[in-house]
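Participant: Below: sequence and its predicted model.
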Amino acid sequence: MQEFDIVVIGGGPGGLAAAYGLHARGLNVAVVEKDLWGGTCPNRGCDPKKILMAAVETQGHAEALQSHGLTSVPQIDWPALMATKRAYTEQIPSGTHDGLAAAKIATFHGTATFNDDGTLTVGQDQLNSANWIIATGQAPRIPAIDGAEWLNTSNEFLDLDHLPADITLMGAGYVGVELAAIANAAGSQVHLVHHSDRPLRAFDGDLVKDLLRRLKAEGVDVQLNTEITTVAPADDQFKVTTADGNSWTTGMVFATAGRQPAVADLHLDRVNVATTAHGITVNGNLQTTNPHIFALGDVVDRPQPKLTPVAGFEGRYLTETLTTCDSPAIEYPVIPSVVYGKTQLAQLGVTTTEAAQHPEQYQVNDLDLTGWYSYRRIQDPHARIKVVVDQATKRIVGAAVLSSEAEQVINYLDFVITHRMSSADISQMITAYPTLASDLTYFN
Ligand SMILES: Cc1cc2nc3c(=O)[nH]c(=O)nc-3n(C[C@H](O)[C@H](O)[C@H](O)COP(=O)(O)OP(=O)(O)OC[C@H]3O[C@@H](n4cnc5c(N)ncnc54)[C@H](O)[C@@H]3O)c2cc1C
Ligand SMILES: NC(=O)c1ccc[n+]([C@@H]2O[C@H](COP(=O)([O-])OP(=O)(O)OC[C@H]3O[C@@H](n4cnc5c(N)ncnc54)[C@H](O)[C@@H]3O)[C@@H](O)[C@H]2O)c1
């Protein structure tokens, strides 16, 4: 039996933030990881995806400038792009593990399972600890359809040696829409099938419609309000059938129908930790229904979006909470969300839906930016922002953005909202001109 002050289960961005923070405060910390050190984001999530997106974004910018100064569109060399991605991802697990070892944080590689006496088993090792942090994240959800065994996930997509000429994506959430953008840019015919008429429900409905229109214009076969019911092998391909009777042959099918909390291995029933279908139940201090067990990151059932910076924020919060007395409940700052692609969709703060429910409190400025200098310069085919302004203070409190530059605009607005800047405050700053930052004074 090995004794620790705290054992962190899961070596992803959330678990690592807590482990390093608590170690720096002098606690004897161990981290358990069953798969790739570093977790989802740097191995098979945000970072590899955004490496592939670099080529997609560049191609999108070049396409927009055809007849405006450029004469050819760069084509994606998938094997070379994948090699670039692998050159980054292949060093993540060992680099992450080396970092923990150099900091003298104990590491255990294997699946963590709680025992009846509240201790933990990892392979041959038994761990005991005063407190525990569960940071096991989420795993892709595979819908129970006929032929589910033929479904792949984003894990396989982000590591494909060859991209098939035709692929099918089941679900148009963050993952489905981003993988559609990548595969489409790399020359694959993409079928994006979504079971309702409202993909990306957390985002502004008008901007989602605009985004889907762009994807269709780029050649993606977007099918809404229908479900894939069967996937069956057909020679060296697969035949896909939907509930409305449509069928086609495709090279690979990917389940992009959401992710589920990774709790099955843990035997949480043995330690009285309650869960829902959305994850582990926690109170405002990220404490589970067992007072010695805390949880953070994607595995937690909470309303905040499941994103890397949120997991890291929670890791830093638990560092504070577990080393100080009477910590207040966690309070999140505004959280930006971005769906990446040639056209990016971004959101922050008070949503346009909330604003519409409280017209006495909020005003929404719906601005077509396509003609604005910043977007004309790059010939962005469609740029739009909806800015939510607090009626009483005239400050920006939320925004929804669609453009090839949305990730930058949303981060500028993150500073504006976090620092409660008024348009007078913004106009007191001198920003480089002409850039996206110099547009900020015109949004409210
Ligand atoms: C395709 C894709 C793209 C994404 N893109 C973005 C993006 O652009 N921006 C963004 O902010 N977020 C993005 N995300 C989300 C982001 O990856 C997660 O929010 C983030 O990784 C959550 O961190 P975490 O530490 O909670 O969990 P994870 O990173 O999932 O880490 C959990 C770790 O726990 C391990 N584990 C699970 N069970 C056990 C067990 N029983 N014992 C031991 N170890 C265990 C797992 O192997 C894993 O390594 C993306 C996700 C995906 C899938
Ligand atoms: N850019 C980013 O920041 C980014 C990128 C990828 C993932 N993520 C994170 O990972 C999380 C998971 O993303 P995700 O895309 O896996 O989940 P998601 O919940 O965003 O989307 C899955 C979608 O599939 C739909 N769906 C469910 N069953 C279906 C079926 N049988 N057929 C068709 N559609 C079906 C769901 O209604 C949902 O809209 C996100 O919530 C996000 O927090 C973030």
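Facilitator: Now that the structure is in, tell me what you want to look at. In this text, all values refer to a predicted model and were calculated from it rather than measured experimentally. Ligands and ions are numbered 1, 2, ... in the order given.
Participant: Show me what the biggest helix by length in the chain is packed against.
Facilitator: Longest helix of the chain, by residue count under DSSP state H: helix 46-64. Using 3 or more C-beta pairs under 8 Å, 6 or more residues apart in numbering; DSSP states H and E as the contact test, the elements touching helix 46-64 are helix 78-89, helix 174-185. Yep, even glycine has a C-beta here, placed from its N, CA and C like the rest.
Participant: Turn these into CSV, including distance to ligand 1 and mean neighbour count.
Facilitator: Output for those, formatted as CSV (distance: least, C-beta to the nearest ligand atom, whole Å; neighbours: other C-beta atoms under 10 Å):
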stretch, distance to ligand 1, mean neighbour count
helix 78-89, 12, 15
helix 174-185, 5, 25
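Participant: Tabulate the ones you listed in JSON lines, adding columns for mean pLDDT.
Facilitator: What follows is the helices and strands packed on helix 46-64, written out as JSON lines (pLDDT from 0 to 100):
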{"stretch": "helix 78-89", "mean pLDDT": "98"}
{"stretch": "helix 174-185", "mean pLDDT": "98"}
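Participant: To ligand 2, which of those lies closest?
Facilitator: Taking C-beta to the nearest ligand atom as the measure, these were each checked against ligand 2, and helix 174-185 came out nearest at 3.4 Å.
Participant: From the chain's centroid, how far away is the closest one?
Facilitator: In terms of C-alpha atoms, centre = their mean, to the nearest Å, the centre of helix 174-185 is set 13 Å apart from its chain centre.
Participant: How about stretch 430-444?
Facilitator: Taking C-alpha atoms, centre = their mean, the mean C-alpha location of stretch 430-444 is offset from the chain mean by 28 Å.
Participant: Now do it, average pLDDT.
Facilitator: The average pLDDT for stretch 430-444 rounds to 92.
Participant: again with stretch 356-367
Facilitator: If you average the pLDDT values across stretch 356-367, you get 97.
Participant: if I pick Y340, what's in contact with it?
Facilitator: K49, K50, M53, E57, E178, A181, E407 (C-beta atoms under 8 Å, 6 or more residues apart in numbering).
Participant: By neighbour count, which of the residues you listed wins?
Facilitator: Each of the contacts of Y340 was scored by neighbours using other C-beta atoms under 10 Å; the highest score is A181's, at 29 neighbours.
Participant: got a list of what the residue nearest the centre of the chain touches?
Facilitator: Among the residues of the chain, L307 comes closest to the average C-alpha position under C-alpha atoms, centre = their mean, at 4.7 Å. By C-beta under 8 Å, 6+ apart, the contact set of L307 is I335, S337.
Participant: Show me what the helix or strand harbouring N155 is packed up against.
Facilitator: According to DSSP states H and E, N155 maps onto helix 154-157. Using 3+ C-beta pairs under 8 Å, 6+ apart as the contact criterion, the secondary-structure elements in contact with helix 154-157 are helix 174-185, strand 252-255.
Participant: Next one: the closest residue to ligand 2 within the stretch 101-250 of the chain from ligand 1, what distance?
Facilitator: In the stretch 101-250 of the chain, no residue comes nearer to ligand 2 than G173, which is 1.6 Å away by C-beta to the nearest ligand atom. With the distance defined as C-beta to the nearest ligand atom, to the nearest Å, G173 ends up 10 Å from ligand 1.
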